[in-house]
Structures are given as structure tokens and as C-alpha cells.
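Student: Pasted the sequence and its predicted model underneath.
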Amino acid sequence: MKVFMHTCCAPCSVYCIQTLRNEGIEPIAYWFNPNIHPYTEYKARRDTLKNYAKMIDLDLIIEENYGLKEFCKNVVGDIDNRCINYCYPIRMEQTAKFAKENGFDTFTTTLLISPYQQHEAIKKICEEMAEKYQINFLYRDFRLGFREGQNQARELGLYMQKYCGCIFSEEQISIPHTNTKPDLPEGFEFLPVKRNIIINKEKNDKNQYLKLLLEADPSEKMVEKYLIDGEVFVLSYKDDVACIAVVTKLDNDTVELKNIVTKEEFRGKGYAKKMIKYLADNYKQRYKKMLVGTTENNIPFYVKQGFDKYEKTIKNFFIDNYDKEIWDGDLPCIDKYYYSKDLKK
């Protein structure tokens, strides 16, 4: 079964998607949010959802509509009731209409996960739109998974917005006298949650990670050499080392990612991507560019992480510098390819 799912943002979709997939339901995500302002915020949420959809192999339909002017015209007469009178209806009606016109028989929305939204009002509006367009509305009370989904989103390094969406909700968190959150519905309580993922720069014995680093670079001599001057970063998950990276300085403008490896039991969870994002944020204050040398198999991965400028190829690098033949998947490692990431973008 497939369901057309209006999606307000990536973090709110995490738990919703997992829950539906566990039920054997495959959601098709739909971005239509003309109530999100300013444009920088609109773009950040949209692009984060695009990246997350690729990460989890989710079909996503984007309907561009940055509707600031139209939004203002429709809510100016009753700003306090803008959510029920405009924000919810315009998105739910367009979702139901699009779903019906494009062959879907069921729709839902990730708005049903937030305990800060007007849940019953959203449900009622969805039911009205389902009747209007003669389409099924799939109702789920996702709110119990709100905290779990948010924590997973943080662990994945997703952009976490600070307010609901429109310029008036942004005002509520920006101006001191309105800096309050809506009351939680009865039965909901958010307890402090320990951070599961922590990334730290290693300042003690860097050689303690040699064994794990050798999984990505089997030359002990080479690893020991760049460990001398390199900075080592350790990503820990629940106090267990999950991912290691080593970065060295090339010149006053450039650093090189010499090694990055994720422990086998933690692979496929996005930790390497999170580490690279952390490294880029860490070094962009002091350097302009980050370089990485890689095998042919891994070029697509690094390009997706922003290493999108080809620099050079060192022919026969893995033949000339390693005693044994090295394989990466089904391909023998022969040449080394260098790509760079602009840290100032």
C-alpha cells in the first residue's frame, strides 16, 4: 500500500515514515508549505528533506510555492487564528487534491506528529478534505514518537528548525515577551534526553585507534605517519567508538581528510556523513578548502558530501605504495583520485 504524505519537514517525517513502513505502508512524500518564511528558512527545510529522502530511498514530490505575499493577505485579518483558518487548510486541501488527481487513494500528513500543533483541528480538516475530494485519509496519532523522531533527526545531522513555520511563529521565539511555547496536551511530558552521539577531538593517545584506522588504510606505516601531525576526531554513540577521522594541514588554506572509517556494526547509519559535516564546520573558520584522496568506488560518496571539484589523479598510487594488492569491493585499487570541498560555501 502506498500513501501520499504531506511532509512539513525532514525531522518530523522520521518517525512517521518508520512507523508506516513497519506497517507495510510506503509513503510518497509531498513538499507543499507556502506558510514557511523567510525564504532562507523555506530553502533550508526543503533541501534538508531532499537530502533525507535520498538517504532513506524515499520518493519525494516537490511543489514549489514560497507564498509569503499570499499568506500575509490571507491571515492579516485574524493573525491569532492563522493556523486553523489558513495554514492547515491550504496545505491539506492541496495535498488531497493533488493525491486524487494523480491516482492516489489515501493521504496523510506529518503535522500529526507534533504535540505543539493543534492536532484535533488538523485531523478534522483532513477529514473534511477527504470527503470533498472523495479520497481516504489515513489517520495516525504520531505524537508519542515525537521525541524519538527528533532525537534520530539530530543524530543524522538534519537541520532542526526553531519555530513552526511562518513569520509570526518566528516572532514568538525571537522577541522576549512572546518567547513561550504552547502548552503540551494532557498526558505529554518531555524529559531531558542524554545525547547519544558525541564528536570530540582526541587529545590523548591517538595510536589507540590504529586498529580501526587500518580497516580503511591497511598500511600501518602510512597511518602512523599522518597520525603524528594529524588531528583525530572520534564519533561516539552511547559511549562506544563508532567513527574515526584524521585530518592533516596541507597549507594555510587547505586541510586533507586522510582517513575516515566507521566501525562495522555502525555502518549504514549516516555516521560518516555526520562526521564530515562536523569536520567541515570545524575547519571552515580557519581554512578555505578540504581535500580527500579516494578510490574509484568511493568517488560518488564524497561528491555527495560536497567534495565536488576534481583536483588530480595519482596513477598507480596503491600499487606503488602498498605491499599487497588492495581491493575495494569488486574493484582493485590502482589510482588515487583527489577531490576538494569548498569550506566557504
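Tutor: That came through fine.

Student: Contact partners for N297?
Tutor: By C-beta atoms under 8 Å, 6 or more residues apart in numbering, the residues touching N297 are 328-329, 331. (C-beta placed from N, C-alpha, C; glycine too.)

Student: To clarify, my last question referred to N33.
Tutor: 8, 42, 45-46, 65, 91, 165 are the contacts of N33 under C-beta under 8 Å, 6+ apart.

Student: So what does it look like in phi/psi?
Tutor: Dihedral pair for N33: phi -140, psi 70, per degrees, to the nearest 10.

Student: do K315 as well
Tutor: phi -70, psi 140.

Student: picking up where we left off before, by neighbour count, sort out the buried ones in the contacts of N33.
Tutor: Neighbour-count burial (16 or more other C-beta atoms under 10 Å) applied to these gives 8, 42, 45-46, 65, 91, 165.

Student: nearest to A245, of the residues you listed?
Tutor: When the buried ones among the contacts of N33 are ranked by distance to A245 (C-beta to C-beta), R45 comes first, at 28.1 Å.

Student: Helix or strand: which one has that closest one?
Tutor: helix 39-55 (DSSP states H and E).

Student: do the same with Q150
Tutor: Per DSSP H and E, Q150 falls inside helix 146-155.

Student: Please apply the same query to E70.
Tutor: E70 belongs to helix 68-75, assigned by DSSP H and E.

Student: Buried residues, that helix. List them.
Tutor: Using 16+ other C-beta under 10 Å as the test for burial, helix 68-75 gives 68, 71, 74-75.

Student: Look at the residue lying closest to T262 once chain neighbours are set aside and give its secondary structure.
Tutor: The shortest distance from T262 to any non-neighbouring residue, by C-beta to C-beta, 6 or more residues apart in numbering, is to C243 (4.5 Å). Under DSSP: H, G, I helix; E, B strand; the rest coil, C243 falls in the strand class.

Student: C243 and N259, how far apart?
Tutor: C243 sits 11 Å away from N259, going by C-beta to C-beta, to the nearest Å.

Student: mind listing the helices for this structure?
Tutor: 10-22, 39-55, 68-75, 82, 88-101, 119-133, 146-155, 167-174, 210-213, 220-229, 271-283, 299-304, 317-320 (DSSP state H).

Student: Take those helices and write them to JSON lines, including mean pLDDT and distance to E311.
Tutor: Compiled in JSON lines, those are given as follows (pLDDT from 0 to 100; distance: least, C-beta to C-beta, whole Å):
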{"stretch": "helix 10-22", "mean pLDDT": "94", "distance to E311": "32"}
{"stretch": "helix 39-55", "mean pLDDT": "93", "distance to E311": "24"}
{"stretch": "helix 68-75", "mean pLDDT": "90", "distance to E311": "41"}
{"stretch": "helix 82", "mean pLDDT": "92", "distance to E311": "50"}
{"stretch": "helix 88-101", "mean pLDDT": "97", "distance to E311": "44"}
{"stretch": "helix 119-133", "mean pLDDT": "96", "distance to E311": "50"}
{"stretch": "helix 146-155", "mean pLDDT": "88", "distance to E311": "32"}
{"stretch": "helix 167-174", "mean pLDDT": "68", "distance to E311": "41"}
{"stretch": "helix 210-213", "mean pLDDT": "92", "distance to E311": "23"}
{"stretch": "helix 220-229", "mean pLDDT": "90", "distance to E311": "18"}
{"stretch": "helix 271-283", "mean pLDDT": "90", "distance to E311": "17"}
{"stretch": "helix 299-304", "mean pLDDT": "92", "distance to E311": "12"}
{"stretch": "helix 317-320", "mean pLDDT": "92", "distance to E311": "14"}
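
Student: my guess is L68 meets H37, correct?
Tutor: Yes. L68 is within contact range of H37, at 5.1 Å (criterion: C-beta atoms under 8 Å).

Student: and for these two, which residues touch both?
Tutor: I167.

Student: List the contacts of the closest residue to V292 other than its chain neighbours.
Tutor: Once flanking residues are discounted, V292 sits nearest to L257: 4.4 Å by C-beta to C-beta, 6+ apart. When contacts are counted by C-beta under 8 Å, 6+ apart, L257 is found next to 245-247, 276, 279, 290-292.

Student: Right, I'll call it a day here.
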